[in-house]
Every structure is written in C-alpha cells, then in structure tokens.
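Enquirer: Structural data only, the sequence is not supplied:
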C-alpha cells in the first residue's frame, strides 16, 4: 500500500545544514517531491526528483533518493530563519494522478 | 505568469449548508487537483481533473464533488456540511502530462459552525 513517513520535528542551529528525511513504501512512484508550507500559507513546491534519479541539487537544496531503501532526504545548506516551515514529502504515480503525502516535518531554527 | 488562485480565501458556514469553492489554474495547465488539509488527518487527496474529466478520486463521501470547465477552471462542492469538514482546501494545477510539477494555490479556509 501507499504510505509516506516523516519525523514530525527537526531542530537545527542557524547556519548549520538541515537534513529532513522521508521513507515511503510503494516503489512504483514516478516522482518524489518536497514542499514547504509557512504558517498561514499554501504549499510551495521546492523541488522534485524523478524516481530514476539518485540526486538533484538546486542552490542550497540537495535531494537524495535511495530507491533500494525507499528513502528520500532533503538537505538545506546554511539554514536561515526564513527556512522555518513545515516540509512535506510526497510521491506521485502515473497510474492514478494523485499525491500521497507525509505528515510534514516542522523545521525549527535555533539562533 | 499568474499563479493558482482560489476563491474565496475564507468562508464560514453552518452545518447542513452547502458550499462551492473555486480554483483557477496557471495558464496552460490542464490538470487541477483538490486536497483537504486538517491538523488531525494531514493532507488528503479529494480528486483530480484533466480536460474536464475526473481521472481519480480519493476516499471521501459523495457529499464532496467537483467539476472542471473547458477553460480548466475547477470548482468543488460540499453538500450537507458537517463540523468535520472544517479544513483548509487546497487546489493544485499542473500541465497534466506525466503529472510532474504541481503548483498550489493559497487555499480556502472553511469553517463549519
């Protein structure tokens, strides 16, 4: 079945790297996504990775995908206070046109 | 290019009433998906439309329905509102080919009293 799991909280110091992890159960997913949601706001697409890729880098963001372990991670380099938000991972399948979501990880930045 | 817009942004209704929410996708996007977000259940998929056809539906009762117009704008309707329908309703659009990038609107905050 489809299931996506994330830790609920992550606390890091400003300037450090944040690594947010996600595990999923269905290996037939086509894309895996990271979204950011700030308080009172909608969901912002940060990045996504096609399921046949291992890594994708975009400025301060690095996505790593380990298909064998069904593990996805998002690394944010030089974490800033503006990165405080809830980060959701999600997967999609070409067969059924929907996103399956994790519960979200709240990233807390310590000064 | 304008983003996904949703109207209204906030809505207060009473139990038993019905409500219609609207979503205008990014120009050129033909797929519109709807999601319900609540603190207890997280993000849950409602349905997805592509070129006026519903391609997939989540596990919601028949009180939740939607449609898409020829200009790709979409509406969702909830009839006989219940207190548990209070949520943030999010709409997302994408090109629809192979799914790919989905862009979300700001959401409609529905409160049922």
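Expert: On my side now, so go ahead. Predicted model only: the values in this text are computed from it and were never measured.
Enquirer: Now residue A:111: closest residue in space that isn't a chain neighbour?
Expert: Spatial nearest neighbour of residue A:111, chain neighbours left out: residue A:14 (5.7 Å); criterion: Cβ to Cβ, 6 or more residues apart in numbering or on different chains. Backbone N, C-alpha and C define where each C-beta goes, glycine included.
Enquirer: how much space between the one you found and chain B?
Expert: Using Cβ to the nearest Cβ, to the nearest Å, residue A:14 is found at 27 Å from chain B.
Enquirer: How about the secondary structure of the most centrally placed residue in chain B?
Expert: Taking Cα atoms, centre = their mean, the centroid of chain B lies closest to residue B:34, which sits 3.3 Å from it. Under DSSP: H, G, I helix; E, B strand; the rest coil, the three-state class of residue B:34 is strand.
Enquirer: Can you get me a residue count around the closest residue to residue B:110 other than its chain neighbours?
Expert: Spatial nearest neighbour of residue B:110, excluding adjacent residues (Cβ to Cβ, 6+ apart): residue B:11 at 5.0 Å. Residue B:11: 15 surrounding residues under other Cβ atoms under 10 Å in any protein chain shown.
Enquirer: Tell me if residue B:11 really is in a strand.
Expert: Yes - counting by three-state DSSP, residue B:11 is found in a strand.
Enquirer: I'd like to know the predicted local confidence at it, please.
Expert: Residue B:11 is assigned 96 on the pLDDT scale.
Enquirer: now do residue B:97
Expert: At residue B:97, the pLDDT value in this model is 61.
Enquirer: The one 3 residues further on now?
Expert: Turning to residue B:100, the model gives it a pLDDT of 62.
Enquirer: again with residue A:75
Expert: Residue A:75 carries a pLDDT value of 98.
Enquirer: That one reaches residue A:59, doesn't it?
Expert: No - counting by Cβ atoms under 8 Å, residue A:75 does not reach residue A:59; the two are 11.6 Å apart.
Enquirer: Would you mind telling me which of these two has the busier surroundings?
Expert: Shown here are residue A:75 and residue A:59; by other Cβ under 10 Å, residue A:75 has more neighbours (16 against 8).
Enquirer: who touches that one in this structure?
Expert: Going by Cβ atoms under 8 Å, 6 or more residues apart in numbering or on different chains, residue A:75 touches A:17, A:18, A:19, A:20, A:61, A:62, A:63, A:64.
Enquirer: Can you say which helix or strand has the fourth one in it?
Expert: Going back to what we said before, that points to residue A:20. Take DSSP states H and E as the rule and residue A:20 turns out to sit in strand A:18-24.
Enquirer: on contacts alone, who are the packing partners of the helix or strand just after that strand?
Expert: If you walk from strand A:18-24 toward the C-terminus, the next helix or strand you reach (DSSP H and E) is strand A:31-37. With contacts defined as 3 or more Cβ pairs under 8 Å, 6 or more residues apart in numbering or on different chains; DSSP states H and E, the packing partners of strand A:31-37 are strand A:18-24, strand A:43-50, strand A:61-66, strand A:85-92.
Enquirer: Tell me which stretches of chain B form helices.
Expert: For chain B, helices defined by DSSP state H do not occur.
Enquirer: Spell out which residues of it are next to chain A.
Expert: Within chain B, the positions adjacent to chain A are B:31, B:33, B:35, B:42-45, B:48, B:50, B:55-56, B:58, B:90, B:92, B:98-107 by Cβ under 8 Å from any Cβ of the partner chain.
Enquirer: now the angle between strand A:85-92 and the strand holding residue A:20, please.
Expert: Relative orientation of strand A:18-24 versus strand A:85-92 (axes from the mean of the first three to the mean of the last three Cα atoms, to 10 degrees): 30 degrees.
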